[in-house]
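**Q** Curious how this folds, go ahead:
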Amino acid sequence: MRHDASNRLALAVLGATGATGRHVVTNALARGHRVVALVRRPGSLAPAPGLREHLWADLADAAGLGAALAGVDAVISTLGGAEKGPTSVCTEAMRSTVPAMAAAGVKRLIVVSAHGVLETHDSSLYSKAVWAGVADRMRDKESMEPLITASGLDWTIVRPPKLSEHAANGKYATGTDTSVRLWSSIGRADLADFLLDEAEVPRYTRAHPRITR
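**A** Down below sits the predicted model:
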């Protein structure tokens, strides 16, 4: 974990009120960063020094998002989509985020996707299990990723396995070829720390790192 006092950033967080997004917001503020939290309803987060909410109720509103990105150093998306049934939240959000970032002159984008999409959608037990359980969410991630990789932005697409509520301990492995097994998982708090580390000191620009306990 990096906590360089000279590297204070302004970060926009999509999915700021979600289970992972709340960790990102809390940890970013603890590191001294400024956070613009994109929310669907005002007052979704407790007020805190360095935190500003910006209403973004319509994912198709690229102009509204762009207004929130002025002066931002990086965008972190932890959007996950609906729990059940067809969902396109991640894809719709990126259709707006990419042009909004270009218009605002923001180049750095870090997005949570999922292991098991695209070239990692293979015959492994993990891939079979995750597609059997949350296929709609995986399809959304699969259609989201090409929008990012074709964007020209300095992107990082993080592909975690199953997410858990384990407390952060910093004991996890990352890499573009890190093995993911049927039993693999990562705590949301550790995932949030990794996302912030990557925002502070990029190691995986235009790459698809995995992260697992």
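
**Q** any low-confidence regions in the chain?
**A** 1-6 (pLDDT under 70).

**Q** switch to 80 and redo it
**A** 1-6, 82-83 (pLDDT under 80).

**Q** where exactly do the strands run in it?
**A** Taking DSSP state E as the test, the strands found in the chain are 10-14, 34-39, 51-55, 74-77, 108-112, 154-158, 162-164, 173-175, 185-187, 210-212.

**Q** want to throw these into JSON lines with mean neighbour count and distance to residue 128?
**A** C-betas here are computed from N, CA, C, even on glycine. Converted to JSON lines, these look like this (neighbours: other C-beta atoms under 10 Å; distance: least, C-beta to C-beta, whole Å):
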{"stretch": "strand 10-14", "mean neighbour count": "27", "distance to residue 128": "29"}
{"stretch": "strand 34-39", "mean neighbour count": "23", "distance to residue 128": "34"}
{"stretch": "strand 51-55", "mean neighbour count": "17", "distance to residue 128": "40"}
{"stretch": "strand 74-77", "mean neighbour count": "27", "distance to residue 128": "27"}
{"stretch": "strand 108-112", "mean neighbour count": "24", "distance to residue 128": "22"}
{"stretch": "strand 154-158", "mean neighbour count": "22", "distance to residue 128": "22"}
{"stretch": "strand 162-164", "mean neighbour count": "17", "distance to residue 128": "14"}
{"stretch": "strand 173-175", "mean neighbour count": "14", "distance to residue 128": "22"}
{"stretch": "strand 185-187", "mean neighbour count": "20", "distance to residue 128": "17"}
{"stretch": "strand 210-212", "mean neighbour count": "23", "distance to residue 128": "17"}
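
**Q** Would you reformat these as a markdown table and include distance to residue 141?
**A** Converted to a markdown table, these look like this (distance: least, C-beta to C-beta, whole Å):
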| stretch | distance to residue 141 |
| --- | --- |
| strand 10-14 | 14 |
| strand 34-39 | 19 |
| strand 51-55 | 24 |
| strand 74-77 | 11 |
| strand 108-112 | 9 |
| strand 154-158 | 9 |
| strand 162-164 | 13 |
| strand 173-175 | 19 |
| strand 185-187 | 16 |
| strand 210-212 | 14 |
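
**Q** Which of these sits closest to residue 197?
**A** Closest to residue 197 of the strands of the chain, according to C-beta to C-beta: strand 173-175, at 9.1 Å.

**Q** Each with direction, which strands does the closest one pair with?
**A** strand 210-212 (antiparallel) (DSSP bridges).

**Q** quick one: contacts of the strand it pairs with?
**A** Residues from elsewhere that reach strand 210-212, judged by C-beta atoms under 8 Å, 6 or more residues apart in numbering: 115, 158-161, 172-180, 184-186, 190-191, 194.
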